[in-house]
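In: Generate a structure from the sequence data that follows.
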Amino acid sequence: MMKSVELFVGAGGLGIGVSQAGFQPAAVMDWDRWACDTLRENKTRGLDPIQHWPIHEGDVRQFDFTSVEGSVDLVTGGPPCQPFSMGGRHQAFLDKRDMFPQAIRAVRELKPRAFIFENVKGLTRSSFANYLEYIRLQLTYPELVARPDEEWLTHLARLEHHHTRGGETGLHYRVIMRVLNAANYGVPQRRERVFIVGFRADTGIEWHFPAETHSRDALLWSQWRDTVYWDLHNVAKKHRPEGGAAKTRALRIAEAPMMEPWQTVRDAISDLPDPEIAPGSALRFHDHRLQPGARSYPGHTGSPLDEPAKTLKAGVHGVPGGENMLRRPDGSVRYFSVRESARLQTFPDDMVFHGSWTESMRQLGNAVPCQLARIVAAGVKAKLEAA
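Out: Numbering: from 1, shown residues only. Sure, this is the predicted structure:
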């Protein structure tokens, strides 16, 4: 079994996917009490794969990586993203919450054969371009550390000089990055995250990101050309939406797409009772109860039932309702339950979340969809096994 170390595990979306891909965590860590309580509760309940995780609650800056016994094949994590989030304050390197320096320290000290880090798409904003390159070069040459009191731009210049002169000695990694849309990999949510993947140079591994498997055009074809989508969900013709621009686009598609259709909110939650219409039946499912107070207003209209969900968000000051609402075909809205949100993030159905609705939704809004994490990690593992 290949060994991994997971930083900033949160509610465990990336970690679950990595474990499902076949890695055995030697340590998983996070400082957030609520997220760690969620993991500990599921560990106690015997939920696979969390039941096998060695969970460390605390500040990663204080973690001693020499305590991890033996060699590590993979380091993973999602360094706190608030410095780069579209909904945050965009402070990046000026923000003390930026934990990329600790991700780089883990790579330097553990010397894994590979790493997978992910973050919000906001990291790729043009205003952060120099800092993103700084992150990439530090991960490429993790032993070329900043000198005491050295400004980050000065350190960046030193890394660039080292890179352009062909600094191929010592510990170094071949690093690539790409923004992936989870919907294109079968996740019922349009969620874009930037993934940074590196392989230690001495492995000689050549790798590319997994090919996309699902598409919007395939969904439109399924809904408006062969109507398989509506038939699958037993939606009578009189109850089907008119289609509008989506139907017009579908009619322009020349032939049936080869990919699978995007998965929709209806695909994800149709077997769950509606907690607003049937609250008694909904209580049979963990974390599936109505949160009142949802309302729609311009710019906050919720996720249509027959499309992938909009990106679930954690919010800086509470949960942003517009992104975390369901919009039914009749225009009515309600908040997603925690269970429905977990479905949209492809967490296991028997996983429970610790804390209030707002706290649980924060954990889910910060997570990586388990399915997307598994696909990326499985691609990395296949190359490590073949090396």
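
In: What residues of stretch 274-289 count as buried?
Out: For stretch 274-289, burial by neighbour count (16 or more other C-beta atoms under 10 Å) applies to 274, 275, 276, 282, 285, 287, 288. (C-beta placed from N, C-alpha, C; glycine too.)

In: typed the wrong thing, it's stretch 297-314
Out: For stretch 297-314, by 16+ other C-beta under 10 Å, it's 300, 302-314.

In: can you check stretch 179-196 too?
Out: Buried-residue list, stretch 179-196, by 16+ other C-beta under 10 Å: 180-191, 193-196.

In: follow-up on the earlier one: show me which pair in the buried residues of stretch 297-314 is furthest apart.
Out: 306 and 314 (25.4 Å; C-beta to C-beta).

In: just to revisit the earlier point, of all the buried residues of stretch 274-289, which comes closest to residue 342?
Out: For the buried residues of stretch 274-289, the minimum distance to residue 342 (C-beta to C-beta) is 7.0 Å, reached by residue 287.

In: before we move on, what SS does that closest one have?
Out: coil (DSSP: H, G, I helix; E, B strand; the rest coil).

In: which residues does it contact?
Out: Contact analysis of residue 287 by C-beta atoms under 8 Å, 6 or more residues apart in numbering lists 337, 338, 339, 342, 352, 353, 360.

In: how near is the second one to residue 344?
Out: It stands for residue 338. With distances taken as C-beta to C-beta, to the nearest Å, residue 338 is found 11 Å from residue 344.

In: Next one, pLDDT for the residue lying farthest from the centre of the chain please.
Out: Most distant from the centre of the chain: residue 238, at 37.3 Å, with distances by C-alpha atoms, centre = their mean. Looking at residue 238, its pLDDT reads 89.

In: If I follow the layout properly, residue 294 ends up in contact with residue 336?
Out: No: counting by C-beta atoms under 8 Å, residue 294 stays clear of residue 336, with 9.2 Å between them.

In: what sits in contact with each of those two?
Out: residue 325.

In: and those two? which has more neighbours close in?
Out: Of the pair residue 294 and residue 336, residue 336 is the one with more neighbours under other C-beta atoms under 10 Å, namely 30 against 20.

In: any chance you could read off phi and psi for the more buried one?
Out: Note on residue 336: backbone dihedrals following degrees, to the nearest 10 are phi -70, psi 140.

In: Would you mind measuring from it to residue 64?
Out: 40 Å.

In: now do residue 274
Out: From residue 274 to residue 64 the distance is 49 Å (C-beta to C-beta).

In: contacting residues for residue 352?
Out: Residue 352 neighbours (C-beta under 8 Å, 6+ apart): 38, 41, 42, 45, 286, 287.

In: Identify the spatial nearest neighbour of the last one, chain neighbours not counted.
Out: Same thing as residue 287. In space, and not counting its chain neighbours, residue 287 is closest to residue 338: 3.7 Å by C-beta to C-beta, 6 or more residues apart in numbering.

In: Report pLDDT for the one you found.
Out: Reported pLDDT for residue 338: 95.

In: got it, and residue 1?
Out: 88.

In: start at 23 instead
Out: With the count now opening at 23, the last piece we talked about shows up as residue 23.
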